[in-house]
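**Student:** just need the structure, nothing else, for what follows:
(chains A, B, C and D)
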Number of protein chains: 2
Amino acid sequence: MLSHAEENYLKAIFKIAEKDDKSVSTNAIAAEMQTTAASVTDMLKRLAEKSLIAYEKYRGVQLTESGNRLATNLVRKHRLWEVFLMDKLGFAWDEVHDLAEQLEHVQGDALIQRLDVFLGKPKFDPHGDPIPDAEGRWAFRPQALLSDMQPGESGVITGVQEHSSAFLQYLGQVGLTLGVPLELLERMPYDLSVRVRAGDGRELTLSEKVSKNLFLSRKTISED
Amino acid sequence: MLSHAEENYLKAIFKIAEKDDKSVSTNAIAAEMQTTAASVTDMLKRLAEKSLIAYEKYRGVQLTESGNRLATNLVRKHRLWEVFLMDKLGFAWDEVHDLAEQLEHVQGDALIQRLDVFLGKPKFDPHGDPIPDAEGRWAFRPQALLSDMQPGESGVITGVQEHSSAFLQYLGQVGLTLGVPLELLERMPYDLSVRVRAGDGRELTLSEKVSKNLFLSRKTISED
DNA sequence: AAAAATATTTAGCCTTATCTAAAAATAAAT
DNA sequence: ATTTATTTTTAGATAAGGCTAAATATTTTT
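**Tutor:** The predicted model follows:
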């Protein structure tokens, strides 16, 4: 049984290792957890003691098999609760993170198993991120950043790269959410902003920054 | 913002004061919280410091206005989560307490407000206990212990006095849950056990102990 | 390869929440 | 009204988790 603090560290290490599969540095963890390097060092010793991480002084850490299993399960819990908060309670996608952050620490395997069934065993959360199943397997879905697509291509919004509240709120305001079909009309060479047409025919212009944070699944042009 | 420990103490004090409206003793709290009197004294000082209780050395404590408000809200959260766990996730009524004990500590007014709506603003939890509304008002429902009813009287099960898992499981096994109609046929003078007829016609015998822990709403004999 | 900069760890202290053992206050019993 | 028993508080420790400041490693720069 882990404390909330220990669970949060595991999740932070997992999150950092996801991008950069090298071993995770003390400072990176401190930044992610918004705490000091000294506190991190203390906790790393405790986690290593419990065999949840492989820790070598001054060399950073990696999750062990069991540490990875626990972290994956935390991600699973977090994302299932996010689905619950949006689908059942009607929260907006920029409001669910902090609540899920608390709910993920509730202990009880039966709870998550039943929640999963209640929600229809979703494979992706409200931000388009995959939800690992009870055995820790991740769903895969081909997707590309809008910034990597070419004019003429079409797709459907499937996720976001950045999860900041500001970005999610912006997308909500301009009517871009998961499932919205989008056609890339044109990319301006000057600032790499793009003009797109949404499913309802509306045309809008998105900055390069936005296009670098929006995932679409490419739609093959129907050929009939 | 209160710690989980502080919240648990408030709830314990509230629970004890409910029965016995005198001021609550250190020892009673220690018993309820399964901890030592010394630990309780420490915590009482902290709670008094925050004006959540009125504390006089050696004289026990009482909740203040704000302490009572917080405790009531905790009870509200606990019971709403119990409804969620039974009605939505399908847990049995003897399984929900421990999970609700964790869920009640999740912070976020919007969460509880939305959960309440999602559940249909229930007035009673799965054990028949009233759920205070957002303003702290309690629903009232006239009910009597089976042990206080007379042969010939009828009613519907509306709640339990004791909440132990053993008792709840027993009731579940013999098919007695909230909403079951019951007619009191006979009380044995020897051991005060009772013979009852359930809604489906089944007759069963219940010990005095059971009859002292079962609440019914008296059914007025329909007169038409 | 030495110096400078950065990253990490150690040391020492703080807070919360808990405990045991001892002291003090209150209540009960003679 | 004392003595005895019970309850409550104080004193002193402990463990988790966090912080700052100082010391030590490692990297980067010159």
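**Student:** ok, the residue most central in space within chain A to A:G159 distance?
**Tutor:** Residue closest to the average C-alpha location in chain A (CA atoms, centre = their mean): A:D129, at 4.7 Å. Computed as CB to CB, to the nearest Å, the A:D129 to A:G159 distance reads 6 Å. All C-beta atoms are positioned from the backbone trio N, CA, C, and that covers glycine.
**Student:** interface residues of chain A facing DNA strand D?
**Tutor:** A:3-6, A:8, A:35-36, A:38-39, A:42-43, A:46, A:58 (CB under 7 Å from any atom of the strand).
**Student:** of those, just say which sits nearest to chain B.
**Tutor:** For the residues of chain A next to DNA strand D, the residue nearest chain B by CB to the nearest CB is A:H4; the value is 9.6 Å.
**Student:** near A:L176, how many other residues are there?
**Tutor:** 20 (other CB atoms under 10 Å in any protein chain shown).
**Student:** these two touch, right, A:E153 and A:S217?
**Tutor:** No - applying CB atoms under 8 Å, one finds A:E153 not in contact with A:S217, separated by 11.1 Å.
**Student:** who has more neighbours out of the two?
**Tutor:** Comparing A:E153 with A:S217 by other CB under 10 Å, the one with more neighbours is A:E153, at 17 against 14.
**Student:** and the top helix by length along chain A, how far out from the chain middle?
**Tutor:** Determined from DSSP state H, the single longest helix within chain A is helix A:65-83. Distance, stretch centre to chain centre, for helix A:65-83: 12 Å (CA atoms, centre = their mean, to the nearest Å).
**Student:** what segments of chain A are helices?
**Tutor:** Per DSSP H, chain A carries helices over the ranges A:4-19, A:26-33, A:37-49, A:65-83, A:96-103, A:109-118, A:165-173, A:208-211.
**Student:** check contacts around the residue in chain A positioned nearest to DNA strand D.
**Tutor:** The nearest approach of chain A to DNA strand D comes at A:S3, 2.7 Å away (CB to the nearest atom of the strand). Contacts for A:S3 were tallied using CB atoms under 8 Å, 6 or more residues apart in numbering or on different chains; there are none.
**Student:** for it, grab phi and psi.
**Tutor:** Dihedral pair for A:S3: phi -80, psi 160, per degrees, to the nearest 10.
**Student:** show the low-confidence segments of chain A, by residue range.
**Tutor:** For chain A, applying pLDDT under 70 flags the ranges A:220-224.
**Student:** show me which residues of it sit near DNA strand C.
**Tutor:** Selection of chain A residues close to DNA strand C by CB under 7 Å from any atom of the strand yields A:25-28, A:37-38, A:40-42, A:44-45, A:55, A:57-60.
**Student:** let me know the closest of those residues to B:A134.
**Tutor:** A:V40 (40.6 Å; CB to CB).
**Student:** alright, calling it a day.
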